[in-house]
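Asker: model this:
(chains A and B)
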Amino acid sequence: KAGVTQTPRYLIKTRGQQVTLSCSPISGHRSVSWYQQTPGQGLQFLFEYFSETQRNKGNFPGRFSGRQFSNSRSEMNVSTLELGDSALYLCASSPLSSDTQYFGPGTRLTVL
Amino acid sequence: KNQVEQSPQSLIILEGKNCTLQCNYTVSPFSNLRWYKQDTGRGPVSLTIMTFSENTKSNGRYTATLDADTKQSSLHITASQLSDSASYICVVRPIAGGTSYGKLTFGQGTILTVHP
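Answerer: Just a heads-up that it's a prediction; the model follows:
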């Protein structure tokens, strides 16, 4: 089975712009989670989706939003980008049979 | 407030030695506790996942233990290898709102460096 894929892998934006990141889970997985990782903050939880419903949400401002489609693919959007949004954004999927998460390679976002 | 605290923050050991990483948590009740390994620049990889009723779980040279009474977990690495150099993250899944899928709570991680 193919692993979790994330696109794009690298992205450079300027302040004030918006960005959409995409995540394709492992085939058959219906749970998708998103994380932000910065050197000083470690892994910070953003959202968790299951069957198109948001199951949990982290403590991020409303500029961060996400959704999951009927094929379990997920997107997250960040509007009005700030310099502090520069980070590695990770997506993970989980199968129905367990809570084990499988992470993608991440999208490296740089905000100038 | 649910918290997960890991110690030490960083650790340096020689190749072939054993080491133990600690995780103290206040999350209660919880559904499961997991340990991840994250190599620099890559996504985390799940090492072990234990339910609240399990005491130990092994994955090759990695053995995780869980003491629900003291709210402590440890990750023991046997016969360390250079490839074990990574960040190790402890994560707890609370039970919340009547479901087993509360918001995951992450520790800050322990950075392990294995020297030849």
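
Asker: tally of neighbours for A:Ser98?
Answerer: Applying other Cβ atoms under 10 Å in any protein chain shown, we find 10 other residues in the vicinity of A:Ser98. No exception for glycine: its C-beta is placed from N, CA and C like everyone else's.

Asker: what's the answer for the one 5 residues further on, then?
Answerer: In terms of burial, A:Phe103 registers 22 neighbours under the definition other Cβ under 10 Å.

Asker: can you tell me the helix or strand for the nearest residue to it once chain neighbours are set aside?
Answerer: Of all residues not flanking A:Phe103 in the chain, B:Gly43 sits nearest, at 3.1 Å (Cβ to Cβ, 6 or more residues apart in numbering or on different chains). Per DSSP states H and E, B:Gly43 falls between elements, in no helix or strand.

Asker: what's the spacing between the residue of chain B found nearest chain A and B:Ser58?
Answerer: Chain B approaches chain A most closely through B:Gly43 (3.1 Å), counting by Cβ to the nearest Cβ. Separation of B:Gly43 from B:Ser58 (Cβ to Cβ, to the nearest Å): 23 Å.

Asker: for these two, indicate the residue with more neighbours.
Answerer: B:Gly43 (23 against 13).

Asker: test my guess that the residue of chain B closest to chain A contacts A:Pro105.
Answerer: Yes: using Cβ atoms under 8 Å, B:Gly43 is in contact with A:Pro105, at 5.8 Å.

Asker: who's in contact with A:Thr107?
Answerer: Contact analysis of A:Thr107 by Cβ atoms under 8 Å, 6 or more residues apart in numbering or on different chains lists A:6-11, A:21, A:88-89.

Asker: bridged to the closest residue to chain B within chain A, which residues?
Answerer: Nearest to chain B in chain A, going by Cβ to the nearest Cβ, is A:Phe103, at a distance of 3.1 Å. Taking DSSP bridges as the rule, A:Phe103 bridges to A:Ala92.
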